[in-house]
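**Student:** Please find the sequence and the predicted model below.
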Amino acid sequence: MLSALSRISRRRALQGATALAVVCGLLLWWLLPLGESAPSGRLTFSTGVNSGVYQRYGELLKGALARDLPKVSIDLRTSEGSQQNLARVASGEADFTVATADAVAKYQRDARPGADRLRGCARLYDDYVQLVVPRGSPVRTPADLRGKRVGVGQQGSGVRLIADRVLTAAGLDSVRDIDPVSAGIDTMPGLLERDELDAFFWSGGLPTGAVQNLSDRFPVRLVPVDDELIRRVHATGEATRYYHSAVIPSDAYPKTSARAPVQTVAVANLLVTTDRADPELTEQFTRTVINSRDRIGREVHPAQLVDLRTAIYTDPLPLHEGARRYYASVKP
């Protein structure tokens, strides 16, 4: 009898211990999830010139990433623009960046170092070519820039790339037929205002703060780039297929006194990384970019145009595996 009770007691004790172990295991699993840990470490995001859309977008995106990836420290680096951004990411100097599709295509066509390692995460918003002149300027088309002092962007910028192509399409050599001034959006408005420039090219989202601020204090006008000129731009090379006809709405810069939309050329911006980037980190990074659209868009208006339906189209870059995972997770 005593032996039977002892066996029952031992069995109940064993069952109790097993149940306790299961409960403790579940608690540990809940408190300390097993599997992949949250991304951690440090990454560098290459942005653009001060006062440009890339830089402001990067600042706001950094805040969103700090909330979503609290274990990741993010460093922002200003740059001259798309071409320098691509070189930095391809070389490993930066982990993520923004660059225009035409700049990516040129980087690939020129077989620049690391071009085959570049990957896309998202198609973001379009950059619009903005050719800015004083309101009383005789310049009515890009061809009228002959002999003028023209801001064409910095050497490593997407602005320089597209300005050269527009000038070529207009029948002008960007070295011999104009007086080219290498400057960024942080300095070109001031040069125009002080009569040290006759015109400047800018390629950026709408509205660009530096252009808007200039129009608030100095009378300026936007010069159109018409369909015929865009056709000629397309004829200059394969990479130019990424340009498309667009219009700058009349309310983009109300102080320019434009009563009608201004025709121009636009090109998509891409969020770029390389195949070296960790897939989980890239998935989370892409998710934050899409989810923070409205929050960032309240301050950087072009960000409002980031669209989940088109973000997956990162041509000419293949999608990064981490970005592919994100889009698969939200597919309806």
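**Tutor:** Received the coordinates, thanks. Numbers count the residues shown, from 1 in each chain.
**Student:** I figured residue 62 was touching residue 45, is that so?
**Tutor:** Yes. Judged on CB atoms under 8 Å, residue 62 makes contact with residue 45 at a distance of 7.0 Å. For glycine as for every other residue, the C-beta is placed from the backbone atoms N, C-alpha and C.
**Student:** which one of those two has more residues nearby?
**Tutor:** Counting neighbours by other CB atoms under 10 Å for residue 62 and for residue 45 shows that residue 45 has the greater number, 25 against 15.
**Student:** pLDDT score for residue 208?
**Tutor:** At residue 208, the model reports a pLDDT of 90.
**Student:** quick one, phi psi at it?
**Tutor:** Per-residue torsions, residue 208: phi -90, psi 130 (degrees, to the nearest 10).
**Student:** That one touches residue 185, doesn't it?
**Tutor:** Yes. Contact status for residue 208 versus residue 185: in contact at 6.7 Å, counting by CB under 8 Å.
**Student:** Please say which of the two ends up with more neighbours.
**Tutor:** The residue with more neighbours, out of residue 208 and residue 185, is residue 185; 31 against 27, by other CB under 10 Å.
**Student:** and the more buried one, what does it touch?
**Tutor:** By CB atoms under 8 Å, 6 or more residues apart in numbering, the contact list for residue 185 reads 49, 51, 52, 159, 202, 204, 208, 210, 211.
**Student:** which one of the residues you listed is nearest residue 285?
**Tutor:** Nearest to residue 285 out of the contacts of residue 185 is residue 52 (CB to CB; 21.0 Å).
**Student:** What confidence value was assigned to the closest residue in space to that closest one that isn't next to it in sequence?
**Tutor:** In space, and not counting its chain neighbours, residue 52 is closest to residue 185: 5.0 Å by CB to CB, 6 or more residues apart in numbering. Note on residue 185: pLDDT of 93.
**Student:** Residue 12 now?
**Tutor:** For residue 12, the pLDDT comes out at 56.
**Student:** who does the spatially most central residue of the chain bridge with?
**Tutor:** Nearest to the geometric centre of the chain sits residue 98, at 3.2 Å (CA atoms, centre = their mean). Listed beta-bridge partners, residue 98: residue 271 (assigned using DSSP bridges).
**Student:** Contact partners for residue 39?
**Tutor:** Counting by CB under 8 Å, 6+ apart, residue 39 touches 69, 71, 72, 278, 280, 281, 284.
**Student:** now residue 157
**Tutor:** By CB under 8 Å, 6+ apart, residue 157 lies in contact with 48, 49, 80, 81, 82, 83, 84, 184.
**Student:** give me the number of residues near the third one?
**Tutor:** When you say that, I think you mean residue 80. Using other CB under 10 Å, residue 80 has 19 neighbouring residues.
**Student:** pLDDT score for it?
**Tutor:** The model reports residue 80 with a pLDDT of 91.
**Student:** close enough to count as contact, residue 246 and residue 128?
**Tutor:** Yes. With contact defined as CB under 8 Å, residue 246 reaches residue 128; the gap is 6.0 Å.
**Student:** quick one, which of these two is more surrounded?
**Tutor:** Neighbour count, other CB under 10 Å: between residue 246 and residue 128, residue 128 has more, with 25 against 20.
**Student:** mind checking which helix or strand the closest residue to the more buried one other than its chain neighbours is in?
**Tutor:** Counting by CB to CB, 6+ apart, residue 128 lies nearest to residue 266, which is 4.9 Å off, once chain neighbours are set aside. Residue 266 belongs to strand 262-274 when elements are defined using DSSP states H and E.
**Student:** how far does that strand sit from the chain's center?
**Tutor:** Relative to the centre of its chain, strand 262-274 is centred 8 Å away, using CA atoms, centre = their mean, to the nearest Å.
**Student:** what's the answer for stretch 241-257, then?
**Tutor:** Here stretch 241-257 is found 19 Å from its chain centre; the criterion is CA atoms, centre = their mean.
**Student:** in that stretch, what's buried?
**Tutor:** 242, 243, 246, 248, 252, 253, 256 (16 or more other CB atoms under 10 Å).
**Student:** ok, these vs residue 306, which is closest?
**Tutor:** Among these, residue 246 lies closest to residue 306 (CB to CB), at 16.7 Å.
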